[in-house]
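Q: Sequence first, then the predicted structure:
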Amino acid sequence: MVRGRWWWTALCLGVSLSLWAKPHAAPDHLLRRYDQLRREGNQPAAEALLRYLEHHHGDDVAVLVGLARQAMHSGHWDYALALLAQAIRLDGTCVAARMARAELYRRLNRISEAMQDLETALRQAPQHELAERMLGLLRLMQGQWDAAIVHLTRYLNHTDAQDADVYYWRGLARLRSGRLADAETDFARASELAPEFSEIALHRAQALESQGKLAEAAQAYARYLAGNPQDVEARLAYAKLLQRLSRPADALNQLQAVLQLQPSRREVLHQVYQTARQMRQYYAALNALDLLLHYEQDNTDLWFQKALLLEEMYRYREALTALAECEKRAEARARPIVPLFFAARGNLYRKLGELEKALDALDKALKLNPQYPYAQYVRADVYWRMGKIEAALAELDAAAQNNADFVHIYIKRAEILRAQGQWQEALKQLDHAVQLAPKVTFAALQRGAMLIASGRYEEAAKEFARVTQREGEHPSSSVYAQILLAAVQDRWDEAERLAETALVELPADALSTYNLACAWALMAHIRLGQRGFNGKDAQVLWYKQRALDLLEKTYQLGYNDRWHTVHDADFLCLHREARFWQIVGKERPFTEP
C-alpha cells in the first residue's frame, strides 16, 4: 500500500512537470504556480518547478526577479543581487526588480542605495500598481512608521493579500511604533506565506518577547537561528531570553556558541562567567575569567572574583595567589584595599588551618572597619578552632551588635554551644536563626539535623518539610532535606532511592558529595536511635559505608576542612569508625569532639 501511494505521487508530479514543460506555458503563470505550491507546503514540487524556470526561462526578467526573491528568503544574498542586476540590465524600467533590490539593500543596511532604487522606480512609474508598495517600503526606511503602515495597508487591500514581504514590512513598522500585537499578527502571516523566510522569525520573536510571550519568543528565536547560525546579536538576545525563562544551561550553550564566532568579546565572556557560576560549572566559569584576565590583566575586581571562585572549588592556595595578584595591582594603581579583601584572605587561611595567618588578615580587616560583622564572624570561628571558646562567643556577640540580622552568627554560636554539650542552648540559637530568616535553607537544615541528633524526629520532619529549592542555593541542600524527611517518616526505600539518584543528578562537586555523606550518616543515626537497631544491623552498616565512601570522595575532590568535618554533628555516628579518622587525617580522640 505504501509503495503504491509513492508511485502515484511520483506519477502525478511527473504529469504536472510535463504540463509545465509545454512551450506555451507562460513564465508569469509558472511563477504564480510556484508561489501557490510553496504556500501549500509542497516543497518538492515547488523546487522542481523553480529548477525548470531557471533552466528554460533564465533570461526572463520576471523569472529572474522571482528567483532573486527566493534566494533572498533563503539567505543567499550575493546570488540574489547578481540575479537582480541582470534583470535590471535586461529591463531598466522593471519596477519589480528595483523594488526587490531595494529590499535586499535595506537588509544589507545599504540604505542610500535602497532609497535610490525606490526613487528611480517611482519616477519611472508613479502610477504603477506597485506604487503603494514602493511608497510603503520607502517610508519604512525613512522611519515614518505610520505612513508606511498606511501605504502598505492600501496595497494589501487592493491585491490578493498574498505578499509575504508586505506583511513583513508592515510588521516592522508596527513593531517600531509599539503596536506589538498587530506586528506579531503580520509576522505570523508573513511566515505562513514564506516559511523559508527566516528573518521574519527574528522580528516575530522580538514582538512576542515585548508582549511577555517568552516561550513563544524562544521558539521563534530558535527557528531563526537554525537558518542564521552566524547572527551573533540574535544569539545574544536569545541567550538573555533563556535566562529570563530560567533555562541557564541553554543560555550558556548560546553564549558559548557566540564565543566560538567572537572569542574576544568581553561582555559575552562576563555573561558566560556569571551563567556558568550560577550553574556551578566552575571550570567553564574559570576559563571565562582567565580569558577576561588575558585582556584585562590589571582589573582587580576580576582577580578578586577569581579568588572567590577558586575558593568555591576548594583550591585555597590558588585562591590566595589570586588575592596576592589583586593586592599587587591595587597597590600599583594606588587603589585602596577594602576590608572584604582581608576578610576573604583570613577565611582562606582559616580553611587551610593556618590560624595565626588567618587572625592577622582578619585583624587588618577589622582595623579598616572595626564594626565589620563578617570579619568578626570568621574570627570567632578561628578562636573556636584555637580552643578559645569564650573569645569566640564574645566575638559573635560583638558581631550581633553590629548586625543583628546576620543569621550565620546564630548558626555558628549553635555549633560552638553544641560542641560544648549545651544542646538546648544550641537549639535556641537555631530557633532564633530560623525565625529571623525563614527562607535561609541552611538555618532550617542545621536545626533539622540537630533535632534528629536530639531524638526529636517529628519536629525534624516538620522542619525538613518546609525546605524547598531556592534560586542561588546549591541543589544538594533541598535533596538532603527530602532524604531525611523520608527517613524520619520511616520511608526507607524512598530515602535510599533519593540518595542514590542524587549521585547522578546533582553537580559532581565536593559540596554534593559532602551533603550526601551527611544524609547517609544521619540515616544510620535515625535507624539506630528512632528504631532501636543495634550497630550490627545490615542497613546501619550499609548507610555508614555509603557515608564514608562519599566523605572520602569529598576529600578527593579537593575539600580539606578537617576541623569542620570532625565537629559536624551529622557525622557523630561515624566517630567510632576508624576509617572516619583515617579520612580526616587525625587520630581518634579519647573523648568525642
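A: On my side now, so go ahead.
Q: Tell me how many other residues surround residue 43.
A: 12 (other CB atoms under 10 Å). Using the backbone N, CA and C atoms, a C-beta is placed for each residue, glycine as well.
Q: Skip the chain neighbours and tell me the closest residue to it.
A: residue 37 (8.0 Å; CB to CB, 6 or more residues apart in numbering).
Q: Could you do residue 335 as well?
A: Using CB to CB, 6+ apart and skipping residues adjacent in sequence, the residue nearest residue 335 is residue 300, 6.4 Å away.
Q: what residues does stretch 240-260 touch?
A: With contact meaning CB atoms under 8 Å, 6 or more residues apart in numbering, stretch 240-260 is reached by 205, 209, 214-215, 217-218, 221, 229, 232, 235-236, 238-239, 265, 268-269, 271-272, 275-276, 278-279, 281, 284.
Q: What are the boundaries of the helices in the stretch 151-300 of the chain?
A: Taking DSSP state H, counting those that start in this stretch to define them, one finds helices in the stretch 151-300 of the chain at 164-176, 180-193, 198-210, 214-227, 232-244, 248-261, 266-278, 282-295, 300-312.
Q: As TSV, those with mean neighbour count, distance to residue 464 and mean pLDDT would be great.
A: Output for the helices of the stretch 151-300 of the chain, formatted as TSV (neighbours: other CB atoms under 10 Å; distance: least, CB to CB, whole Å; pLDDT from 0 to 100):
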stretch	mean neighbour count	distance to residue 464	mean pLDDT
helix 164-176	24	50	90
helix 180-193	20	46	89
helix 198-210	23	39	87
helix 214-227	18	33	91
helix 232-244	19	31	94
helix 248-261	18	27	94
helix 266-278	20	25	93
helix 282-295	17	28	94
helix 300-312	20	25	95
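Q: among those, which is nearest residue 365?
A: For residue 365, the closest of the helices of the stretch 151-300 of the chain is helix 300-312, at 13.9 Å, according to CB to CB.
Q: C-terminal to the closest one, what's the next element?
A: Per DSSP states H and E, helix 300-312 leads on to helix 316-332 as the next helix or strand towards the C-terminus.
Q: Check which residues of that following helix are buried.
A: 316, 318, 319, 320, 322, 323, 325, 326, 327, 329, 330 (16 or more other CB atoms under 10 Å).
Q: The spatially most central residue of the chain and residue 289, how far apart?
A: With distances taken as CA atoms, centre = their mean, the residue of the chain nearest its centroid is residue 248 (1.8 Å). Residue 248 sits 17 Å away from residue 289, going by CB to CB, to the nearest Å.
Q: now do residue 262
A: For residue 262, the distance to residue 289 equals 18 Å [CB to CB].
Q: same deal with residue 456?
A: Taking CB to CB as the criterion, residue 456 is separated from residue 289 by 45 Å.
Q: Repeat that for residue 312.
A: 12 Å.
Q: just residue 297 next, same as before
A: Distance from residue 297 to residue 289, counting by CB to CB: 12 Å.
Q: likewise residue 203?
A: According to CB to CB, residue 203 and residue 289 sit 35 Å apart.
Q: check contacts around residue 266.
A: Residue 266 neighbours (CB under 8 Å, 6+ apart): 292, 295, 296.
Q: mind redoing it with 10 Å?
A: Residues near residue 266 by CB atoms under 10 Å, 6 or more residues apart in numbering: 291, 292, 295, 296.
Q: Repeat that for residue 91.
A: Taking CB under 10 Å, 6+ apart, we find residue 91 in contact with 61, 62, 64, 65, 97.
Q: Quick check: nearest residue in space to the third one, chain neighbours excluded?
A: Once its chain neighbours are removed from consideration, residue 64 has its nearest residue in residue 87; the separation is 4.0 Å (CB to CB, 6+ apart).
Q: Does the one you found belong to a helix, a strand or coil?
A: With DSSP: H, G, I helix; E, B strand; the rest coil as the basis, residue 87 sits in helix.
Q: residues in contact with it?
A: Residue 87 neighbours (CB under 10 Å, 6+ apart): 59-68, 94, 96-98, 100-101.
Q: repeat that for 8 Å
A: 61, 64, 65, 68, 94, 97.
Q: Please identify which helix or strand holds the fourth one.
A: Residue 68 belongs to helix 61-73 when assigned by DSSP H and E.
Q: Alright, that wraps it up for me.
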